[in-house]
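Undergrad: how would this look folded up:
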Amino acid sequence: MYTVTIQDKTFSSKFELTAKRDDYIHALVVWFAVDFSKCHRNIRLSTSPEGEYTHWKQTVFYLDRYIAIRRGEKLSGTFSLSPGKQNIVSPNASDAPVAQRVVHIRDLDFDITVDFEGEHGKLSSSQKFKMR
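TA: A predicted model of the protein is given here:
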């Protein structure tokens with residue numbers, strides 16, 4: 001958090017999920033983990049469903065169409081995140097540490113692509129989400 005820049009807040013990551021059982025996928029769920037290592041003792045904050053309870057929760061992205069998936073089949077895609085287009089940042093702040101910037105709106109834009117081809121069908125889609 002001491003060194004993150006505005007450019008670091010825009011990223012894309014590919015993913016691949018393998019089904020552990022026959023089921024339906026209606027949504028994708030994401031969470032985060034952050035280590036606070038500059039404290040007198042290291043602290044990890046995780047919103048993982050397997051982690052210790054916090055008031056922070058996971059984020060759910062519902063798919064436009066559900067997927068019928070069989071055990072062993074793979075769902076792949078790309079998860080992209082960027083600051084909202086309407087966000088306002090103080091002038092000349094792009095090189096300053098995040099803690100020293102003035103951000104007036106904290107919107108996030110998500111683009112999620114999903115590719116799947118299985119026994120019960122196929123799906124290739126791209127969806128946009130906005131977090132306000």
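Undergrad: from here on, contacts and neighbour counts on C-alpha atoms
TA: Noted.
Undergrad: what's across from the residue most central in space within the chain in the sheet?
TA: When Cα atoms, centre = their mean is applied to the chain, the residue found nearest the centroid is Val30 (5.3 Å). For Val30, the beta-bridge partners are Thr59 (DSSP bridges).
Undergrad: so where is this structure shaky, pLDDT-wise?
TA: Where the chain drops to pLDDT under 70, the residues are 1-2, 6, 86-105.
Undergrad: could you rerun that using 90?
TA: 1-10, 32-40, 43-45, 49-57, 83-108, 130-132 (pLDDT under 90).
Undergrad: which parts of it are strands?
TA: 11-18, 23-30, 33-36, 43-46, 59-69, 74-83, 108-118, 121-131 (DSSP state E).
Undergrad: ok, the residue nearest to the centre of the chain to Thr59 distance?
TA: 5 Å (Cα to Cα, to the nearest Å).
Undergrad: ok, Asp23 to Tyr66 distance?
TA: 10 Å.
Undergrad: contacts only, for Tyr62.
TA: By Cα atoms under 8 Å, 6 or more residues apart in numbering, the contact set of Tyr62 is 26-28.
Undergrad: hey, what's in contact with both of Asp23 and Tyr66?
TA: Common neighbours of Asp23 and Tyr66 (Cα under 8 Å, 6+ apart) do not exist.
Undergrad: now do the same end-to-end measure for stretch 16-26.
TA: With Cα to Cα as the measure, stretch 16-26 spans 16 Å from end to end.
Undergrad: just stretch 11-28 next, same as before
TA: One end of stretch 11-28 sits 18 Å from the other (Cα to Cα).
Undergrad: how far does that stretch sit from its chain's centre?
TA: In terms of Cα atoms, centre = their mean, to the nearest Å, the gap separating the centre of stretch 11-28 from the centre of its chain is 13 Å.
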